[in-house]
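K.L.:
Structure, please.
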Amino acid sequence: MAKKLYVGGLPYRTTEDELKDAFSVAGAVESAIIIIDRMSGRSKGFGFVEMATEAEAQTAIEKMNGAEFGGRTITVSEAREKKEGFKKDSGYDQNSAF
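P.N.:
Residues are numbered from 1 along each chain as shown. Take a look at the predicted model:
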């Protein structure tokens, strides 16, 4: 079963192919995604790598966490589940009486 990893501290110029290639030393990489800022179109400096197995994911963490990548020290850990997005309460209740 595939295991998703968080990768932080990436150089802003890193491509998804470069990220995938770097993690292939630990095993089969299912996918590599760089998170892009919607407003600027630039990398946010982090991404996610999905390894084919739990064992390969553990190997990737051991080999890559704290390693130098593109002149920067990266952080690699198991990805956490995405939390529900922030929902702003407008304060308007359409059911309230005026």
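K.L.:
Contacts for the longest helix seen in the chain, please.
P.N.:
When the chain is parsed with DSSP state H, its longest helix is helix 54-64. With contact meaning CB atoms under 8 Å, 6 or more residues apart in numbering, helix 54-64 is reached by 1, 3-5, 7, 22-23, 25-28, 49, 51, 74, 76-78. The C-beta positions use only the backbone N, C-alpha and C, and glycine is treated the same way.
K.L.:
Among the residues you listed, the buried ones, what's the ChimeraX command?
P.N.:
To isolate the buried ones among these in ChimeraX, judged by 16 or more other CB atoms under 10 Å, type:
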select :3,4,5,7,22,23,26,27,49,51,74,76
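K.L.:
Mind jotting down where the helices sit in the chain?
P.N.:
Going by DSSP H, the chain shows helices at 16-23, 54-64.
K.L.:
Let me have those in CSV, extended by mean pLDDT.
P.N.:
Output for these, formatted as CSV (pLDDT from 0 to 100):
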stretch, mean pLDDT
helix 16-23, 97
helix 54-64, 97
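K.L.:
correct me, but residue 26 touches residue 51?
P.N.:
Yes - counting by CB atoms under 8 Å, residue 26 touches residue 51, with 6.7 Å between them.
K.L.:
Can you get me a residue count around residue 64?
P.N.:
Number of residues near residue 64 (other CB atoms under 10 Å) recorded here: 19.
K.L.:
Could you check how far it is from residue 29?
P.N.:
11 Å (CB to CB, to the nearest Å).
K.L.:
what residues do those two have in common as contacts?
P.N.:
By CB under 8 Å, 6+ apart, the residues touching both residue 64 and residue 29 are residue 23.
K.L.:
which non-adjacent residue is nearest residue 34?
P.N.:
residue 47 (4.2 Å; CB to CB, 6 or more residues apart in numbering).
K.L.:
residues in contact with the one you found?
P.N.:
7, 10, 14, 16, 19, 32-35.
K.L.:
for residue 51, same thing?
P.N.:
By CB under 8 Å, 6+ apart, the contact list for residue 51 reads 2-5, 23, 26-30, 57, 60.
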